[in-house]
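> Predicted model and sequence follow; I will ask about them next.
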Amino acid sequence: MQKNALTSVVMPAVILIAGFAAVFALTGFVEAKRPPLPDGYVDTDLNMNGSALRGYAFGTEGLIADYYFMRSLQYVGDKLLSQGEKTIDLNDLRGLNARLLYPMLENATDLDPHFIAAYSYGAVVLPAIDPQKAIDIANKGIVNNPDHWRLYQHLGYIYWRLGQFDKASEIYEKGSNIHGASPFMRMMAASMKTEGGSRQTARAIYREMLATSEDEQVRNTADRSLKELDSMDERDAIDKVLGEMKGQNARCVNSLVEILTMLRNVRLPEGREFNLDNANRLVDPSGAPYLLDKEKCSVKLDPERTGLPQK
């Protein structure tokens, strides 16, 4: 009797797990052998619906959820690598055609509704691909994990990116009332109402993201965004000095070197200073030299060398 019961439970579980292993192995083989396809046909639709597997995976839901999450990370990484040396704006990734990212994260969180890392990753990366899907994944996380205040932080971030500052303030305020929430949440709720579109608010958001995220891609995005904000401050200050020099001399300077002395007296936000390379050239926060646009008499990023987004 006991042997029959053991067989009736264990054997189906073994067969199911072996089946999943075979499917994953076969998927990898097919991916490796298939011929190159045009960009619009590279992605194939997912064959499984995570919600349909819940309760039928004999306790392996978490393992399968991990598979889909890891696959989503690799999927976006491969999309970025496929761009080669193209300049990539991490604030707008629609050109990657990463249409399977949301279904993968949807499967992962259907199988494990408390998979916070999957919700967080989607809420931070999806706004640059499909803002509505980003809102959907963040709201799904909040419904399934109402006491996890960081999910409110992510949703507030999405609405902030969309310029919906009142909605962002509302979300940050809700999250700030959860036990254990960071004081950052209440601070953001207030900032959204008064200076939602300011660089100061943006810095606070990206610094919090950089300091607290466990995902490397998210931290890289935050770090790059902070450097972009620093560069904006620097370019504003340089352009102001260039304008003053042009007003005095009735012409634009021939080189940025001509204004280095004047820039020493300029105060950047938070006491930062301009950076020079070994050739005494003004460089942006990524280390690439700034270029002078003599026609406009303004400074610009070097499109060939900068590591910053170009807009």
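Cool, the structure landed.
> wait, what's in contact with the residue nearest in space to the middle of the chain?
Centroid check for the chain by C-alpha atoms, centre = their mean gives residue 125 as the closest residue, at 3.9 Å. By C-beta atoms under 8 Å, 6 or more residues apart in numbering, the contact set of residue 125 is 76, 93, 101, 134, 217, 218, 221. For glycine as for every other residue, the C-beta is placed from the backbone atoms N, C-alpha and C.
> Hmm, residue 101 and the first one touching each other?
Yes - taking C-beta atoms under 8 Å as the definition, residue 76 is a contact partner of residue 101 at 6.2 Å.
> where does the residue nearest to residue 199 when sequence neighbours are not counted land in three-state SS?
In this structure, residue 199 finds its nearest non-sequential neighbour in residue 229, 5.2 Å apart by C-beta to C-beta, 6 or more residues apart in numbering. Classification of residue 229 using DSSP: H, G, I helix; E, B strand; the rest coil returns helix.
> Can you show me the helices along the protein?
For the chain, the helices defined by DSSP state H cover 2-33, 50-53, 61-81, 101-111, 116-125, 131-144, 149-161, 165-176, 183-195, 199-212, 216-249, 260-263.
> Mind putting those helices into TSV with mean pLDDT?
Output for the helices of the chain, formatted as TSV (pLDDT from 0 to 100):
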stretch	mean pLDDT
helix 2-33	50
helix 50-53	55
helix 61-81	88
helix 101-111	93
helix 116-125	94
helix 131-144	97
helix 149-161	95
helix 165-176	96
helix 183-195	91
helix 199-212	92
helix 216-249	92
helix 260-263	94
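> mind checking which of those helices is nearest residue 305?
helix 216-249 (13.1 Å; C-beta to C-beta).
> Of all the residues in the closest one, which ones are buried?
217-219, 221-222, 224-231, 233-235, 237-239, 241-242, 245 (16 or more other C-beta atoms under 10 Å).
> who's in contact with the residue nearest to residue 123 when sequence neighbours are not counted?
Nearest non-adjacent residue to residue 123, counting by C-beta to C-beta, 6+ apart: residue 154, 3.5 Å away. For residue 154, the contact set (C-beta under 8 Å, 6+ apart) comprises 119, 120, 123, 124, 138, 141.
> What's the local residue count around residue 103?
18 (other C-beta atoms under 10 Å).
> same deal with residue 131?
There are 14 residues near residue 131, going by other C-beta under 10 Å.
> So for the closest residue in space to it that isn't next to it in sequence, what pLDDT did the model give?
Leaving aside its sequence neighbours, residue 131 sits nearest to residue 162 (C-beta to C-beta, 6+ apart; 5.9 Å). On pLDDT, residue 162 comes in at 95.
> Could you measure from residue 162 over to residue 202?
Remark: distance between residue 162 and residue 202 (C-beta to C-beta, to the nearest Å) = 14 Å.
> ok, now residue 290?
Distance from residue 290 to residue 202, by C-beta to C-beta: 21 Å.
> next one: residue 224
Taken as C-beta to C-beta, the span from residue 224 to residue 202 is 12 Å.
> Show the pLDDT at residue 213.
Reported pLDDT for residue 213: 83.
> what's the answer for residue 83, then?
77.
> Provide the backbone phi and psi angles at it.
As for residue 83, its main-chain torsions (degrees, to the nearest 10) stand at phi -80, psi -10.
> so how many other residues sit close to the closest residue to it other than its chain neighbours?
Leaving aside its chain neighbours, residue 83 sits nearest to residue 96 (7.5 Å; criterion: C-beta to C-beta, 6+ apart). Neighbour count of residue 96, defined by other C-beta under 10 Å: 19.
> quick one on the thing from earlier: distance to residue 211 added to the contacts of residue 125, as a markdown table?
Output for those, formatted as a markdown table (distance: C-beta to C-beta, whole Å):
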| residue | distance to residue 211 |
| --- | --- |
| 76 | 22 |
| 93 | 23 |
| 101 | 25 |
| 134 | 21 |
| 217 | 16 |
| 218 | 11 |
| 221 | 14 |
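> Looking at those, spot the one nearest residue 158.
Distances from residue 158 to these, taken by C-beta to C-beta, are shortest for residue 134, at 5.0 Å.
> give the contact list for the nearest residue to that closest one once chain neighbours are set aside.
Leaving out its chain neighbours, the residue that sits closest to residue 134 by C-beta to C-beta, 6+ apart is residue 126, at 3.6 Å. Residues in contact with residue 126 (C-beta under 8 Å, 6+ apart) are 101, 102, 105, 133, 134, 137.
> Just name the closest of these to residue 63, please.
residue 105 (16.4 Å).
> ok, that closest one touching residue 72?
Yes - in this structure, residue 105 is within contact of residue 72 by C-beta under 8 Å, at 5.6 Å.
> what sits in contact with each of those two?
Joint contacts of residue 105 and residue 72 (C-beta under 8 Å, 6+ apart) are 118, 121, 122.
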